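Please find the sequence and the predicted model below.
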Amino acid sequence: MTSLILVADAGRAKFFSAADKHYELTELADFVHPVAVQDNPGGGTVAGHSGTRHGLEPRTLPKEHDLKAFAAELAKYVEEQFAKRDYSDLTLAAPPEFLGALRNALHRNTQKIVGRTIDKDLTHCTSAELSRALKESNVRH
């Protein structure tokens with residue numbers, strides 16, 4: 001069976017398919033999400049000089065909102081891919097802080113087909129390095 005593999009961080013994502021457990025990867029898509037809100041270049045806190053929050057400020061900081069929006073965009077692509085093709089499972093590889101956002105963005109039925117998660121940033125790996133990392137994580141689980 002063919003696996004769908006999503007390798008992502010908060011700013012970049014790549015989708016691959018792998019037809020066997022040797023993880024011969026075929027790249028399907030590459031997403032880049034420019035960070036709309038960067039850390040405050042002045043060195044102060046987001047909430048102001050004192051570090052306290054004003055009562056009218058939103059509970060979700062803009063950067064968190066961008067992270068959730070990117071995760072939702074990726075989840076939509078996952079749903080589209082599963083509707084088009086017969087994938088056996090989904091592998092998610094992302095740093096822990098983004099892995100949670102991805103899981104939360106997936107539809108409940110799609111969450112059930114997540115076969116494996118890898119809590120590492122593998123977005124900068126070559127295809128060969130990624131294939132090796134997938135094989136190694138498969139051995140440990």
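Received it, and whenever you're ready, just let me know what you need.

List the buried residues for stretch 15-24?
Buried positions in stretch 15-24, judged by neighbour count with 16 or more other CB atoms under 10 Å: 15-18, 23. All C-beta atoms are positioned from the backbone trio N, CA, C, and that covers glycine.

Nearest to residue 102, out of the residues you listed: which one, please.
When these are compared for distance to residue 102 (CB to CB), residue 15 comes out closest, at 12.2 Å.

the helices in this structure, which residues?
Using DSSP state H, the helices found in the chain span residues 62-84, 96-105, 108-111, 127-140.

Can you say which of these is nearest to residue 5?
Going by CB to CB, the one of those nearest residue 5 is helix 127-140, 7.1 Å.

What is that closest one packed up against?
strand 12-18, strand 25-32, strand 87-93, strand 114-118 (3 or more CB pairs under 8 Å, 6 or more residues apart in numbering; DSSP states H and E).

hang on, the earlier thing: is it possible to get a markdown table of the helices of the chain that adds mean neighbour count?
Compiled in a markdown table, these are given as follows (neighbours: other CB atoms under 10 Å):
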| stretch | mean neighbour count |
| --- | --- |
| helix 62-84 | 16 |
| helix 96-105 | 17 |
| helix 108-111 | 11 |
| helix 127-140 | 14 |
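
Out of those helices, the one nearest residue 31 is which?
For residue 31, the closest of the helices of the chain is helix 62-84, at 6.5 Å, according to CB to CB.

contacting residues around the closest one?
Residues from elsewhere that reach helix 62-84, judged by CB atoms under 8 Å, 6 or more residues apart in numbering: 4, 6, 8, 10-11, 13, 15, 28-29, 31, 33, 35-37, 39, 60, 87, 90, 97-98, 101-102, 104-107, 110, 113.

Selection in PyMOL covering whichever of these are buried, please.
Command for PyMOL that selects the buried part of the contacts of helix 62-84, burial taken from 16+ other CB under 10 Å:
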select buried, resi 4+6+8+10+13+15+33+87+90+98+101+102+105+106
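
that older thread, could the helices of the chain be laid out in JSON lines, adding distance to residue 121 and mean pLDDT?
As requested, these are exported to JSON lines (distance: least, CB to CB, whole Å; pLDDT from 0 to 100):
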{"stretch": "helix 62-84", "distance to residue 121": "14", "mean pLDDT": "90"}
{"stretch": "helix 96-105", "distance to residue 121": "8", "mean pLDDT": "95"}
{"stretch": "helix 108-111", "distance to residue 121": "21", "mean pLDDT": "91"}
{"stretch": "helix 127-140", "distance to residue 121": "11", "mean pLDDT": "82"}
